[in-house]
Structures are given as structure tokens and as C-alpha cells.
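Participant: Next input, structure requested:
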Amino acid sequence: MSEILAIRKKIFFKIAGDAKEYERDVVPDEEFLEKLKGRGVDVFTFIERKWCYTISNPSKSWLKAKDNIALLQITSYDEWWKGIGKKTRNMIRKAEKSGIRTEVAEPNERLAEGVWKIYNETPIRQERGFPHYGVSLEIVKRDVLSSQNSTFIGAYFEDELAGFIQLVHGENITIISQILSLQKYWDKAVNNALVAKAVEACVNKGLKWLMYGRMGNHPTLDKFKQNNGCVQFSLTRYYVPLTRKGKIATILGLHREVKDVLPQSIKYPLIPFYNWVSRTKTRIRLFFKPK
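Facilitator: Okay, the predicted model is just below:
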């Protein structure tokens, strides 16, 4: 198994995961786990991609936790269109009537400049601090031009990039990596048009599964996903303690994120506070940023 690792420090231990765990099956063997220990990793985590693969005889030392993704199973465009509901269909029609045109876009400098403009339109999106705000044009060009296994779809109003989707293609899965649009065009239902074009692109390539992040951490975004045909697909996340510190961390429950442990009845009322903290941190960062 190749090692494209994302390693994070949590309190007193390090936890690692495969950065492409949604794009391919991850089943660690003893040799791989020993290498991780040698790199100072205390806990290794990965998911079981149950929509296309099941792990047989998982080790009893692997701890299990419930996880999920927003998943759309694609059979045909017509089938998807019938299943999304009248309101969403009307939003897609609205985008077309408003002059929004969608098409697969080449990952070139013109696209990068449009993406950069969208990134830097506003520091706050969906009531939270937007991490891409302030990024340089050079970095965006590098990321767009060097993207691999990706399809970009652009939404255009006249000659301006009004929004875009980046689709990342993995094994038996296509992932909506990003979907963003200029806020000044939000009344034109740009994002609905982009999802429709993404489904069409998947149908044309014979792609069966489309993933749109996780569910349960952003009520408004969750509703948008559901309106566009996604369902909450349950899967298993494994945690493998590799060291004494890793075992202590898992016994104390520190290996899991707080947002994944809290029940919805507690988590949802806390979201406005989380959003406020995110906005405040962004404003402080921008205030102290060198001019």
C-alpha cells in the first residue's frame, strides 16, 4: 500500500490516515503498520468503502466507529432528474433561464484566474471563515494546472466564471472535491446547475458513484445535498493503536473528533457558536495579516 499520509498531532499523540482513503481501498498489513510506528505515528485510521468493498476478517485489535458520506448512486441522468424533486428541478431550470451556462472546463490559466477570483470574493462563506480567502494567484494556478485525476466543470455568466466544481476520480468513486460560486450570482442557482452538469459528466463516463463529503456537520449544506439526490451512506471507520500512547488515547476516546462523538441533538444547537468562532478567528487573522 502506498503511503500518502496525513499526520496530525492531537494533544499527546499522533494520528495518521491515508489522504486518499475515499479514492481507494485501504487495508493495512503488519509491515505497513510497523513503518508507521517507526515514523512516530501512534494511531492509524482508515475507512471501509462499503459501497464497493468489504474487509474480510478485520483484526480484533482494530477499533470500530460509525462514519458516513453523502453518496449518490448514478444509473442515468433521467433517473436522477426524476428523483430530485420539483423544487430542485426548478432551480436548475432557473439557472439556465438566468443565463448560466455549464461545461467541462480545461484546467488552464484562465480557469485558475476565475477560481482565484471566487476564492477571494469574501472571507466568510456559509457563515464560517473561508480558508481559501487571501490565497495568491500563483498558488491557485499551480494547484489547478497540476491537478491529477480531476474534471473541472465551470458555470459561466456571459464570459465570467460564476462557479465551478472539481471532481476527483478514484477507484469506483467520483468525489466532489470543491463546489463554489460567486456570491453575487447566488440568485441564479449556480450550484444546482453545477451539480446537474456533474451528474451528466459522470453518466457520460459511465461512473456509478458520486460522493459529496460527509453528512451531519452543516444542516444547510446537508439539505442541499439531499435535495440533489445524495443520501447519508453509513460506513465503518477503523482505528489501529500502534503504541502505548495510541492505546491510552483510544481508551480515553481521544482518537475521535468531538463533532463525530456528539449526538445531533447537542451538536446542531452548537453550530451557530462554532460558526461565530470560525468567523472571529478569520477576522482576527486578516486584521493582523501584513498589508
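Participant: Name the surrounding residues that touch stretch 16-28.
Facilitator: When contacts are defined by C-beta atoms under 8 Å, 6 or more residues apart in numbering, stretch 16-28 is touched by residues 1, 3-8, 36, 39, 41, 43-47, 49, 52-53, 55, 69, 149, 168-171, 173, 175, 211, 240. Every C-beta, even on glycine, is put in place using the N, C-alpha and C of the backbone.
Participant: Any chance of a PyMOL selection covering the buried ones in these?
Facilitator: In PyMOL, a selection of the buried entries from the contacts of stretch 16-28 looks like this (16 or more other C-beta atoms under 10 Å):
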select buried, resi 36+41+43+44+45+46+47+49+55+69+168+170+173+175+211+240
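Participant: which ones among the contacts of stretch 16-28 are found in strands?
Facilitator: Within the contacts of stretch 16-28, residues falling in strands by DSSP state E are 5-8, 43-47, 69, 168-170, 173, 175, 211, 240.
Participant: Neighbours of Ala65, how many?
Facilitator: Close neighbours of Ala65, defined as other C-beta atoms under 10 Å, add up to 15.
Participant: all helices of the stretch 151-291 of the chain, in order?
Facilitator: Assigned by DSSP state H, counting those that start in this stretch, the stretch 151-291 of the chain shows helices spanning 190-204, 219-227, 244-251, 258-261, 264-288.
Participant: Could you list every helix and strand in contact with the longest one?
Facilitator: For helix 264-288, the contact count by 3 or more C-beta pairs under 8 Å, 6 or more residues apart in numbering; DSSP states H and E identifies strand 128-129 as packing neighbours.
Participant: For the closest residue to Val41 other than its chain neighbours, give me the pLDDT.
Facilitator: Nearest residue to Val41, sequence neighbours excluded (C-beta to C-beta, 6 or more residues apart in numbering): Ala16, at 4.4 Å. For Ala16, the pLDDT comes out at 97.
Participant: does Ala16 sit in a helix or strand, and which one?
Facilitator: Under the criterion of DSSP states H and E, Ala16 resides in strand 13-18.
Participant: Tell me the gap between that strand and the middle of its chain.
Facilitator: Computed by C-alpha atoms, centre = their mean, to the nearest Å, the separation of strand 13-18 from the middle of its chain amounts to 19 Å.
Participant: Which neighbours in the sheet does that strand have, and how are they oriented?
Facilitator: In the sheet, strand 13-18 lines up against strand 5-10 (antiparallel), strand 43-48 (parallel) (DSSP bridges).
Participant: Distance check, the residue nearest to Val41 against Gly170.
Facilitator: Ala16 sits 19 Å away from Gly170, going by C-beta to C-beta, to the nearest Å.
Participant: May I see the helices of the stretch 151-291 of the chain organised as TSV, with mean pLDDT and mean neighbour count added?
Facilitator: Formatted as TSV, the helices of the stretch 151-291 of the chain follow (pLDDT from 0 to 100; neighbours: other C-beta atoms under 10 Å):
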stretch	mean pLDDT	mean neighbour count
helix 190-204	98	22
helix 219-227	94	15
helix 244-251	97	16
helix 258-261	83	12
helix 264-288	89	12
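Participant: Make a markdown table out of those helices and add distance to Ser181.
Facilitator: A markdown table is the format used below for the helices of the stretch 151-291 of the chain (distance: least, C-beta to C-beta, whole Å):
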| stretch | distance to Ser181 |
| --- | --- |
| helix 190-204 | 4 |
| helix 219-227 | 12 |
| helix 244-251 | 40 |
| helix 258-261 | 26 |
| helix 264-288 | 19 |
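Participant: what about the nearest residue to Thr151 once chain neighbours are set aside, neighbour count?
Facilitator: For Thr151, ignoring the flanking residues on the chain, the nearest one in space by C-beta to C-beta, 6+ apart is Leu167 at 4.4 Å. Leu167 is flanked by 23 other residues according to other C-beta under 10 Å.
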